[in-house]
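Asks: Any chance you could fold what I've pasted below:
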Amino acid sequence: MTKKNEIVPYRRDDSRARIVTVSGGKGGIGKTFFAVNFGSELRRKGHRVLIFDADINLSNVNLFLNIDVNTNFGDFLNSGIPIRDLIQKGVGGVDALYAGNDLDTMFTLDEQDLNRIVGGLNEIESDYDYVIIDTQAGLSDLNFRLMLHSDINVLITTPEITALVDLYKVIKICSERRPGIRFDLVINRVSSAQEALEVYNKVKQTVSQFEVKTSLNFLGFIKDDPKRVFESIQKRVPIVVLHQSGSINECFRLLTGSFLKNRKPKRKFSFLYGLLGR
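Replies: So this is what the prediction gives:
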């Protein structure tokens with residue numbers, strides 16, 4: 001019998017991690033907040049989790065996980081240190097890999113460097129059950145490449161019209177490049193489940209109206225609780241680790257449970273091989 005809040009070891013096979021890309025159309029909608037709390041909740045359930053901080057402009061996963069960053073992807077590219085040495089452990093047992101401002105150089109390197117990158121990340125990928133990629137805001141080519149080659153795409157939005165408009169743009173462009181792509185939608189900063197469902201139905205209706213070729217799933221919602229969010233950021237500890245109860249904690253428990261019930265088969269081939277077009 002396990003004790004309360006104890007991390008239960010998860011029995012896994014030797015297949016590769018599932019790649020979960022967390023995206024959204026604009027900044028300030030809570031992507032990183034979601035990624036670190038979702039990852040922490042998965043870890044609490046016994047899964048091995050790595051958060052790949054791919055926001056090359058405003059990276060701050062380390063702040064949420066109380067990590068003092070002293071390495072970045074450039075150290076691997078330029079100094080030849082083992083890629084595992086770049087991984088740092090955050091509060092709650094979640095690992096983090098900080099890209100710095102060098103991730104986009106992956107697509108302009110020579111064959112030798114590409115082989116090093118694929119080999120290194122391929123090795124890491126086999127160590128985890130889930131690799132969560134926290135992307136940068138906006139519609140960059142890097143973001144689309146990450147989304148198009150991931151196993152699972154989680155889109156974050158808020159009820160604000162600007163967030164919804166940008167969200168639709170992301171869905172539309174991705175579906176044009178990969179018809180039938182599936183998205184799991186999370187509505188952040190809502191007052192109730194009813195408001196979240198209304199937002200989801202509005203997005204789904206727009207997607208249907210313009211015949212966008214995608215599959216949209218309502219994964220869950222996160223209630224607005226600015227006081228606890230502020231406390232979490234100030235203390236540099238994810239809410240699901242900092243508090244054992246509360247509306248936001250319950251939201252993450254529910255959506256993580258829903259996520260795990262619909263797990264896709266583990267991938268047989270490296271994410272990086274597909275991402276780099278190999």
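Asks: Tell me the secondary structure at the closest residue to Leu219 other than its chain neighbours.
Replies: Spatial nearest neighbour of Leu219, chain neighbours left out: Asp184 (4.0 Å); criterion: C-beta to C-beta, 6 or more residues apart in numbering. In short, each C-beta sits where N, CA and C put it, glycine included. State at Asp184, reduced to three classes by DSSP: H, G, I helix; E, B strand; the rest coil: strand.
Asks: cool, the one 10 residues further on as well?
Replies: Classification of Gln194 by three-state DSSP places it in helix.
Asks: Can you tell me how far it is from Ile248?
Replies: Computed as C-beta to C-beta, to the nearest Å, the Gln194 to Ile248 distance reads 17 Å.
Asks: which one of the two has more residues nearby?
Replies: Set Gln194 next to Ile248 and count neighbours by other C-beta atoms under 10 Å: Ile248 wins out with 20 against 10.
Asks: can you list contacts of stretch 179-187?
Replies: 34, 147-148, 152-159, 171, 174-175, 195-196, 199-200, 203, 213-222, 255, 259 (C-beta atoms under 8 Å, 6 or more residues apart in numbering).
Asks: Buried only: go through the residues you listed for me.
Replies: Buried subset of the contacts of stretch 179-187 (neighbour count, 16 or more other C-beta atoms under 10 Å): 34, 147, 152-159, 171, 174-175, 195-196, 199-200, 203, 214, 216, 218-222, 255, 259.
Asks: Can you pull the poorly scored residue ranges out of this protein?
Replies: Residues of the chain meeting the criterion pLDDT under 70: 1-15, 56-59, 100-115, 117-118, 263-278.
Asks: Can you list the helices and strands that the helix or strand harbouring Asn201 packs against?
Replies: Element membership for Asn201 (DSSP states H and E) is helix 193-209. The contact analysis (3 or more C-beta pairs under 8 Å, 6 or more residues apart in numbering; DSSP states H and E) places helix 193-209 against helix 161-177, strand 181-190, strand 214-223.
Asks: Give me the contact list for the longest one.
Replies: Right, helix 161-177. 23-26, 29, 139, 144, 147-148, 153, 155, 157, 181, 183, 199, 202-203, 206-207, 210, 212-214, 216.
Asks: got the angle between that helix and helix 193-209?
Replies: Counting by axes from the mean of the first three to the mean of the last three C-alpha atoms, to 10 degrees, helix 161-177 points 40 degrees away from the direction of helix 193-209.
Asks: Run the chain-centre distance for helix 161-177.
Replies: Relative to its parent chain, helix 161-177 has a centroid offset of 17 Å by C-alpha atoms, centre = their mean, to the nearest Å.
Asks: List the buried residues of that helix.
Replies: Going by neighbour count (16+ other C-beta under 10 Å), the buried part of helix 161-177 is Ala163, Leu164, Asp166, Leu167, Tyr168, Val170, Ile171, Cys174, Ser175.
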